[in-house]
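Asker: Here is a sequence together with a model predicted from it:
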Amino acid sequence: MSTDGVIISNPPASVPEPSVEPKSVTERSAGSFLGHAKLIGGLTLASRVFGLAREIVAGHYLGTGLVASAFTVAFTIPNLFRKLFGEGALSAAFIPLYTQAVKEEKGSAVGVQGSRTDRNAPDSPSSLNPEPRTLNPLSVLSPQSSVLPPSTAFAAAAVNLLCVLLLGITVVGEIGLGALIYFSHGMRPERMLMLKLTAIMLPYVLLICGGAFLSGILQVHKRFGPPAAAPIILNVVHILVLLIGAAMLHLHANTPAVQAEVLQTKLAYWLAGFVLVAGLLQVQVLLPGLRAVGFRFQPVLAFWTPAIRKMLLLSLPVALGAGVLQISVLLDKGISMLLMQGEDALGHPITQFHFLGHVLNYPMEAGAPRRLDIAQYLYQFPLGIFAIALATAIFPRLSSDALEKDRNGFRTVIRQGIEASLWEGLPASVGLVLVRMPAIRLLFQHGHIHAHDAELIGSSLLFYASAIWAFSMLQIINRAYYAIHDTVTPLVMSVVNIVLNLVVEIPLLWWLNESAMALGTVVSFAIQAVLMLWMLDRKVGGLGLGKSAGPVLKMAVATAVMGTACYFVQRVPGFPHGERRIIWAAQLAIIMLVGAIVYIGMCAALGLGIIEHLRPKRKVAR
């Protein structure tokens, strides 16, 4: 039997055989998180590709008009709660505590197995049961029960607590939305549509948050595949609904605008309904893996255990911090929805509003929320493939090192994570700035998205892309704070983030229009990333960031050379120019190819083999 890297055999009772340890737990864990990151990155890449296809198809049929904007804002609501509960506060507090329970359980198993060997009594009552364990509700009622292991009891109680919270949120939310819809007379049509779509999709909160939380259980057990694959389902369902629904409704690229808006509204309702179907399928994908690690879900009301109270105590500051951050996201969506031009019930354009006795122009054109959403998706594409995958894989290792008070291991993993995120983030920032227009035109400028829409998306993406490095770093830094149970610092910095965001973007809206929303996000997140890294360095007594200065400087040089090469290649004779799709594809391919060759070549010339640098050095067997 193998437990935590220590091989336990069954030698004669009189001569206990020493443990065989081919390599240390720290060494094996350090080597494994990059492997897990590759798996998550591969599946996340597949999900992002399907997600990109979903966005392309949605853009073709729904465009960036009022209907698309209403659906975009409505779908933000369940995703807000997913990031707050499923991937945010409760998950961030749950994973370190659950990791601790699993490690203590394995440690006890080693002790029990050793004593059993010494007694030469393999059938004694203290022997371990290697089969998957079935959840017994009675053990949750009685935490000291020997029937259910503590880790499984804790996970079961946490899931039940989450279900109760989310069910309450859904019921209260539906009542509130119903009241708003019933009593809001004279509301602009796109805002009323947004409320109705939100009411349809709100139960998705229970499914997506529960699925994200269950994914955390699987990640602690090093089962990263199903959680990373689950988002593919939503993308596939959306693509099918869009294609089949548009065909059934006879919605085409040349459908007149007035008729198209009516058909797009019907299609948006269909999409909202099938979001719930996709949520059920996403949870179903996780069940085989949960059964394999011994988890069985059964509704239990008596979940108020000491471990749950500790988790809630830890999650409260995280919830406040994540809540502040999600409020920032919701504010951005709400501001773009409220301050964009629109139409009244008769279809007449609305371009001005009254504020404190003054008449002001709406600073954003109709469809701003949807265009901003496309720009955000494009910058999040490289972020999700590598940075989020790396952070997801690294979090259990950080929690384990923090639990064992392995400061050197903790610092090493943080530096490795930051170097890896910058190795991807720096060239991605520069590269996306350079390829943004041919990419947007090739992928989105068709159907109901026109050239002017593409220009507006490109203006916002210019700012978003410039800070991919900061978003990438924050994925690692935030998890480092949660791993050491510091939930106050992320809370404070989230408040700083939202204040900076509003201070920057609101005054600039009437100058930069909707791209001011992107600039505010970039400034606030860049400052947050640098400040939080500096504070973490002081908090843990030094991360040894000086050791990373050399590799990071080489990455910056390689990125600068790459950017220069991509800039000038667009000005050499023979570089394709024009307004045809084949031209845009050629531009994108040439810039990407030159950028990849130059960056990889510069990394090699500077001796920056990032994967080899991050892999732990294996000890030579003696």
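Answerer: Arrived safely.

Asker: Export the one helix or strand L462 maps to to PDB, keeping only CA atoms.
Answerer: In this structure, L462 is located in helix 451-465 according to DSSP states H and E. The C-alpha trace of helix 451-465 is given here as PDB (Å, rounded to 0.1, in the frame of the first residue of the first chain):
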ATOM      1  CA  ALA A 451     -17.000  46.400 -38.900                       C
ATOM      2  CA  HIS A 452     -17.900  49.100 -36.400                       C
ATOM      3  CA  ASP A 453     -18.600  46.500 -33.700                       C
ATOM      4  CA  ALA A 454     -15.200  44.900 -34.400                       C
ATOM      5  CA  GLU A 455     -13.400  48.300 -34.000                       C
ATOM      6  CA  LEU A 456     -15.100  48.900 -30.600                       C
ATOM      7  CA  ILE A 457     -14.200  45.400 -29.400                       C
ATOM      8  CA  GLY A 458     -10.600  46.000 -30.500                       C
ATOM      9  CA  SER A 459     -10.400  49.300 -28.500                       C
ATOM     10  CA  SER A 460     -11.400  47.500 -25.300                       C
ATOM     11  CA  LEU A 461      -9.200  44.400 -26.000                       C
ATOM     12  CA  LEU A 462      -6.200  46.700 -26.400                       C
ATOM     13  CA  PHE A 463      -6.400  47.500 -22.700                       C
ATOM     14  CA  TYR A 464      -7.500  44.100 -21.400                       C
ATOM     15  CA  ALA A 465      -4.700  42.300 -23.300                       C
END
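
Asker: quick one: contacts of stretch 530-537?
Answerer: 414, 418, 470, 473-474, 477-478, 480-481, 489-490, 493, 496, 543, 545 (Cβ atoms under 8 Å, 6 or more residues apart in numbering). C-beta coordinates here come from the backbone N, C-alpha and C atoms, glycine included.

Asker: just those residues now: which is nearest A558?
Answerer: Relative to A558, the closest of those is I418; by Cβ to Cβ it sits at 16.6 Å.

Asker: Now do the contacts for the closest one.
Answerer: Under the criterion of Cβ under 8 Å, 6+ apart, the contact partners of I418 comprise 473, 476-477, 533, 548.

Asker: and the residues you listed, which two are the farthest apart?
Answerer: Among those, the pair separated by the greatest distance (Cβ to Cβ) is I477 and S548, which sit 13.3 Å apart.

Asker: What strand or helix carries I591?
Answerer: With the criterion set as DSSP H and E, the secondary-structure element containing I591 is helix 581-605.

Asker: List the buried residues of that helix.
Answerer: Taking 16 or more other Cβ atoms under 10 Å as the neighbour-count basis, helix 581-605 is seen to contain the buried residues 584-588, 590-592, 594-595, 598-599, 602-603.

Asker: now that helix: how far from the chain's centre is it?
Answerer: The gap between the average C-alpha position of helix 581-605 and the chain average comes to 27 Å, counting by Cα atoms, centre = their mean, to the nearest Å.

Asker: helices or strands next to that helix in the packing?
Answerer: With contacts defined as 3 or more Cβ pairs under 8 Å, 6 or more residues apart in numbering; DSSP states H and E, helix 581-605 has these neighbours: helix 407-444, helix 546-569.

Asker: which of these sits most buried?
Answerer: For the helices and strands packed on helix 581-605, ranked by mean neighbour count under the definition mean count of other Cβ atoms under 10 Å, the leader is helix 407-444 at a mean of 22.

Asker: what sits up against the helix holding I591?
Answerer: Applying Cβ under 8 Å, 6+ apart, the external contacts of helix 581-605 come out as 427, 431, 434-435, 438-439, 441-442, 446, 554-555, 557-559, 561-563, 565-566, 569-570, 575-577, 609-610.

Asker: same deal with stretch 199-213?
Answerer: Contacts for stretch 199-213 (Cβ under 8 Å, 6+ apart): 74-75, 77-79, 81-82, 85-87, 90-91, 94, 158-159, 162-163, 166-167, 169-170, 173-174, 177-178, 181, 227, 230, 269, 272-273, 275-276, 279-280, 282-283, 286.

Asker: What's the local residue count around Q570?
Answerer: The criterion is other Cβ atoms under 10 Å. On that basis, Q570 has 16 neighbouring residues.

Asker: Test for you: state the pLDDT assigned to it.
Answerer: Model confidence at Q570, expressed as pLDDT, equals 94.

Asker: Excluding covalently adjacent residues, which one is nearest to it?
Answerer: If the residues on either side of it in the chain are set aside, Q570 comes closest to I591, at 6.9 Å by Cβ to Cβ, 6 or more residues apart in numbering.

Asker: Against V435, how distant is that neighbour?
Answerer: I591 sits at a distance of 5 Å from V435 (criterion: Cβ to Cβ, to the nearest Å).

Asker: Mind listing the shared neighbours of the two?
Answerer: With Cβ under 8 Å, 6+ apart, I591 and V435 have common neighbours C566.

Asker: Can you flag the weakest of the helices and strands packed on helix 581-605 by average pLDDT?
Answerer: The bottom spot among those, by mean pLDDT, belongs to helix 407-444, with a mean of 90.

Asker: how about low-confidence regions in the stretch 501-622 of the chain?
Answerer: Low-confidence segments of the stretch 501-622 of the chain, defined by pLDDT under 70, are located at 609-622.

Asker: swap the cut-off to 90 and go again
Answerer: Low-confidence segments of the stretch 501-622 of the chain, defined by pLDDT under 90: 538-548, 607-622.

Asker: on that earlier part again, if any of the contacts of stretch 530-537 are buried, put those into a PyMOL selection.
Answerer: Typed into PyMOL, the next command selects the buried ones out of these (criterion: 16+ other Cβ under 10 Å):
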select buried, resi 414+418+470+473+474+477+478+480+481+489+490+493+496+543+545
